[in-house]
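S.K.: Prediction below, plus the sequence it came from.
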Amino acid sequence: MTDKPRLAAGLCLVLAFLAGLLSGQDKVREKDLPDRHQEWLKLTRIFILPAERDVFLSLPNEQDRDIFIEAFWKQRDPTPGTPQNEYKDEMEARFKYVNEYFRRGTVREGWMTDMGRVYMTLGAPRSIERWEGTRGLYPTQAWFYYGDPAKGLPANFAMVFFQRGGGEFKLYNPVSDGPGSLLIETYGVDMTDYEGLYKKIRDMAPTLASVVLSPIPSQIPYGYAPSPQSALILAKIFDSPKTNINPAYATHFLNYKGIVSTEYLTNFVESSTIVRILRDPILGMDFLHFAISPRKASIDYYQPKDQYYCNFRLSVSLRRGDAVVFQYSRDYPFYFPPDRVENVQANGIAVQDLFPVAEGKFALSILLQNTVGKEFSLLERTIEVPAADGPAALADPIVGYGLKDAAGASGVPFKVLGREILTDPRDTLGLSDDLAFAVGVIRLPRELWAEGTIEIAAAGAAAEGKTVPVQTIKLTELPYARSLTFTGKVAARGLVPDYYDLLVTLRSGKGEAVGQAKASFVLSPATAVPHPVTVVKALPAANNHLYYYGLAIQYDKIGDRGRAEAVLEKAHTLRPDYLEGVVQFAEFLVRAGKPDRALELAEELAGAERFRFDQCLIKGQALKEKGDFAAAIQALLEGNKIYNSDTRLLNALGFCFYKTGQKQHALDALDASLRLDPGQKDTAELRVRVEKELK
C-alpha cells in the first residue's frame, strides 16, 4: 500500500476536539457498588453535592469511579501544592471517630446518628457541657462551636442534643422541638409559655437555657418564642461543608471522559472568561473573540535555557444541535525568564484567540489544557450571531483596562480599527487603569446614523439608580457603515470604587432609545490591580484567506450552500495559489452539484505533486456527477494507484463500474471500501444490489 498523502480539509489547523456531551446516563444502584465505593459514599454523605453524587453513580466502571474520587478530594484540598490533603485526612479521621463512639446505644452506624452527622459536619466542638444527671431534665448535651462568617455562620453557636427513653441522642431544634421537650415532668406545664419554660430550664441549668431558644448563645427572640431563624441557622450549618465547591468539575468529568485524557480529569481548574462577537468591517465577517484565564496555572522549569514555561493546548468546538459545525486546535507554549515567575504567578495567564462565525445560534465549547500539571479549564456558552437584516441594535460592549495601538497587526483578539482593548477576564480595574471600551452598532440605517447618538454611562451598585456619564457621541462623527464599532477610554479614577454596569444606549434624533446593551466590571479601591499576562498568536494579514475558508466550513455544515459558495469564491480570489483551499472549494462544488466548476478548479492542481491524489479524486467525482462514468473510472483508477485506501474514491469507483456494467469490478471496489469502514449503509446497500444482479 502506498503512503497516504495529506488531504486538505480547509484551515491549516488540527481538528481534534469534539465536545459531544454524554446524556441519558444510567445510574448504578448504591447497593450494587463494590464495598469500598459504598463506604466512600457513606464517608462523604454529609458534604457531597447532589451533582457530584449523580455523576459518581452514572460512571460505568470502577476505574472511572476511582479517578472521580481522586478529583473529588482534589477539589477540597486546602494546600494543592503539597502531597498531603488535609481535608481528606480530617474527614477520614472524623468518620472513623463517629463510627467508633456514636454507635453506642443504637443499631445505626455512627455516621447516621445526629451526633455523628454534626461531628462529620463541624468536627470536634471547642467545648461540651453535659446535663445527664440534672433533676427534671432529660439527658442533654450542648456542643459549642466557633462559626465561619464566610460560610454564613454565626461567630458562636451551639448544637444541643437530648435523649428521651434511652437510645441515641437526638439533635434539638428550638422551633420543632421547643424547650418543653427537654423537661421530664410536663404535667400541668403550659408548653406554649416559652418565657416560663425558659425560666424553668434556667433555674435547672443556666448555660443550657442560653441556647434553648436559639443556637446563638443568649439570643432571646421576641416574646421568648423560638424564631424560624433558628431553623435557617441549622440549615446553613449543615450546608456549610458544601459552600465554595463548584460542581462543574463533576459534570465536566462525565461529559469529557474519553475526550480529555484520564490524567487531566482530576485537575479541573475554574476560569474567568470573556466572549464577544465583533464585526470586522474590512473582511466583512463576524468574529468571535474570547479570553480564558485559569484561576491557577502550573509552571515548570526548562534548565537548558534557564526558563520557566507553561504549555497550553486550546481546542474549540462550535455546534448546532448534535452536529459539529466548526472545530480547531492550537498550541500555546509560553516561556518566561526566572525574574518574571513571581509576576506570572501573581497575575495569572489569559489565553486569547478569535475565529470567524456564521450567522445563527450555536453552542460554543472551549477546552484549555495545560500539559504542565495536567490541568484543564472549560468555557461553555450559547452564542448568537445576529442576522444581517432587521432593526438597528447594539452589540454587547467590551470593557477593558486600557487601549493600545495594534495598527500593524492582524488577527488580534479584541482589536477594533487598529486599537486593541486590553481585557481582563476577571473584569476588574484599578484606580490607575483606564476604563476602556468598544461599542458596536449593527444594521444601522443611514437615517439613524444622520441623526442618532450613542450615550455611554456607568451605573454603580451603590449609586441607587444614578449613573455617571462617560461619553456621548454623534453617529455622524463616525464614517457610515451598516455595522460600525468605535473605541474610547476615560480615567477609571473618575469613578468611585464599586460594582458597575457600563450602560450603552442608542438614541434616535428624537431622543428615543432604539437599543441598549451593557457589560459589567468592578472598580477596585486599589490603585493598581494585577492583570493576567496575555498569551496570543496573531494571524498575519497575508493569511486572512484562512478565515474565509473557516467561515465556509460553517455555512456548508449548516446547509447554507449559497453563502458557503460565495465565501469560498472570495477566499479563492484572495489567494488562488492556496491549493489546500482549492481542494476544499472543489470538493464543496462536487457536493453542491456543480461539477463543471469543480473540474476547472481541479486543473489548478496540475503539476503539484502533493495534490495529485486530490486532483484525481475531484476529477473522478465530478465526472461521475456529470454521468461520464468511463472518464470518471480512468481518473479514479489513477488516484487509486497513488492511494488505495480512500473510501470516497472506492465508493465512486464502485458506482461507476456498476453503471458501466462492470459488476464484478464494482463488487471488488465496494468490498474494499466496506473492509475499511463496515458502517457505510449506502455502500452496503449498493453492494447487495450489485451482488444480486451478478447472480
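M.R.: Nice, thanks for sending it over. Nothing here was measured: the structure is a model prediction, and the numbers come from that model. Numbers count the residues shown, from 1 in each chain.

S.K.: list the helices and strands whichever helix or strand residue 208 is part of packs on?
M.R.: Per DSSP states H and E, residue 208 falls inside helix 206-209. On a contact count with 3 or more Cβ pairs under 8 Å, 6 or more residues apart in numbering; DSSP states H and E, helix 206-209 meets strand 127-131, strand 140-146, helix 194-204. All C-beta spots, glycine's among them, are computed from the backbone N, C-alpha and C.

S.K.: What are the buried residues along that helix?
M.R.: Buried residues in helix 206-209, counted by 16 or more other Cβ atoms under 10 Å: 208-209.

S.K.: What lies in contact with it?
M.R.: By Cβ atoms under 8 Å, 6 or more residues apart in numbering, the surrounding residues in contact with helix 206-209 are 129, 131, 137, 140, 142, 160, 182, 198-199, 201-202.

S.K.: quick one: average pLDDT of the helix or strand just after it?
M.R.: Next along the chain after helix 206-209, taking DSSP H and E as the criterion, comes helix 228-239. The average pLDDT for helix 228-239 rounds to 92.

S.K.: Tell me which helix or strand in the protein has the weakest average pLDDT.
M.R.: The least trusted helix or strand in the chain, going by mean pLDDT, DSSP states H and E, turns out to be helix 262-265, with a mean of 79.

S.K.: Identify all contacting residues around it.
M.R.: With Cβ under 8 Å, 6+ apart, helix 262-265 has contacts from 67-68, 71, 253, 256-257, 369, 374-376.

S.K.: now, the most widely separated pair of those?
M.R.: Between any two of these, the greatest separation by Cβ to Cβ is 18.7 Å, found for 68 and 369.

S.K.: of those two, who's got more company?
M.R.: Neighbour count, other Cβ atoms under 10 Å: between residue 68 and residue 369, residue 68 has more, with 23 against 20.

S.K.: How about the residue in the chain that sits furthest from its center?
M.R.: In the chain, the greatest distance from the average C-alpha position (Cα atoms, centre = their mean) is reached by residue 188, at 63.1 Å.

S.K.: For residue 180, see how far away that residue is.
M.R.: According to Cβ to Cβ, to the nearest Å, residue 188 stands 12 Å off from residue 180.

S.K.: where do the contact lists of the two overlap?
M.R.: Contact criterion Cβ under 8 Å, 6+ apart; residues shared by residue 188 and residue 180: none found.

S.K.: hang on, the earlier thing: in the contacts of helix 206-209, find the pair that's most separated.
M.R.: Going by Cβ to Cβ, the pair spanning those furthest: 129 and 199, at 19.1 Å.

S.K.: which other helices and strands contact whichever strand or helix holds residue 66?
M.R.: Assigned by DSSP H and E, residue 66 falls within helix 62-75. In terms of contacts (3+ Cβ pairs under 8 Å, 6+ apart), helix 62-75 is packed against helix 35-44, helix 50-58, helix 248-256, helix 262-265.

S.K.: The spatially closest residue to residue 415 that is not a sequence neighbour: what's it in contact with?
M.R.: Nearest residue to residue 415 in three dimensions, chain neighbours excluded: residue 406, at 4.9 Å (Cβ to Cβ, 6 or more residues apart in numbering). Contacts for residue 406 (Cβ under 8 Å, 6+ apart) come out as 412, 415, 418-420.

S.K.: Using CSV, please lay out those residues together with neighbour count, distance to residue 468 and pLDDT.
M.R.: Converted to CSV, those look like this (neighbours: other Cβ atoms under 10 Å; distance: Cβ to Cβ, whole Å; pLDDT from 0 to 100):
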residue, neighbour count, distance to residue 468, pLDDT
412, 19, 30, 93
415, 23, 27, 93
418, 12, 28, 87
419, 19, 23, 92
420, 24, 25, 94
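
S.K.: ok, so of these, who is nearest residue 680?
M.R.: Residue 680 has its nearest neighbour among those in residue 412, at 43.7 Å by Cβ to Cβ.

S.K.: I figured that closest one hits residue 536, correct?
M.R.: Yes: Residue 412 is within contact range of residue 536, at 7.0 Å (criterion: Cβ atoms under 8 Å).

S.K.: Poorly predicted segments of this structure, please.
M.R.: Scanning the chain for pLDDT under 70 picks out 1-25, 409.

S.K.: and the spatially most central residue of it, what element?
M.R.: Centroid check for the chain by Cα atoms, centre = their mean gives residue 379 as the closest residue, at 2.9 Å. Under the criterion of DSSP H and E, residue 379 resides in strand 375-385.

S.K.: next helix or strand past that strand?
M.R.: Sequence-wise, the next helix or strand downstream of strand 375-385 (DSSP H and E) is strand 393-394.

S.K.: distance between that following strand and the chain's centre?
M.R.: Counting by Cα atoms, centre = their mean, to the nearest Å, strand 393-394 is centred 26 Å from the centre of its parent chain.

S.K.: moving C-terminal of it, what's the next helix or strand?
M.R.: By DSSP H and E, the next helix or strand past strand 393-394 is strand 398-400.

S.K.: what sits up against the very next helix or strand once past that following strand?
M.R.: Under the assignment DSSP H and E, the closest C-terminal helix or strand after strand 398-400 is strand 402-405. With Cβ under 8 Å, 6+ apart as the test, strand 402-405 has contacts from 418-422, 433-434, 436, 487, 489.

S.K.: on that earlier part again, go through the helices and strands packed on helix 62-75 and pick out the most buried.
M.R.: helix 248-256 (a mean of 21; mean count of other Cβ atoms under 10 Å).

S.K.: If you count contacts, what does that one end up packed against?
M.R.: helix 50-58, helix 62-75, strand 375-385.

S.K.: Same list (these) but as TSV, adding distance to residue 269.
M.R.: Converted to TSV, the helices and strands packed on helix 248-256 look like this (distance: least, Cβ to Cβ, whole Å):
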stretch	distance to residue 269
helix 50-58	17
helix 62-75	10
strand 375-385	5
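
S.K.: right, and the ones you listed - which one's nearest residue 482?
M.R.: Closest to residue 482 of the helices and strands packed on helix 248-256, according to Cβ to Cβ: strand 375-385, at 14.8 Å.

S.K.: Run through who's touching that closest one.
M.R.: Contacts to strand 375-385, defined as Cβ under 8 Å, 6+ apart, come from residues 19, 248, 252, 256, 260, 264-265, 267-271, 273, 275, 277, 286, 288, 290, 292, 294, 296-298, 357-370.

S.K.: rerun at 6 Å
M.R.: By Cβ atoms under 6 Å, 6 or more residues apart in numbering, the residues outside strand 375-385 that reach it are 252, 260, 264, 267, 269, 271, 273, 275, 277, 286, 292, 294, 357, 359, 361-369.
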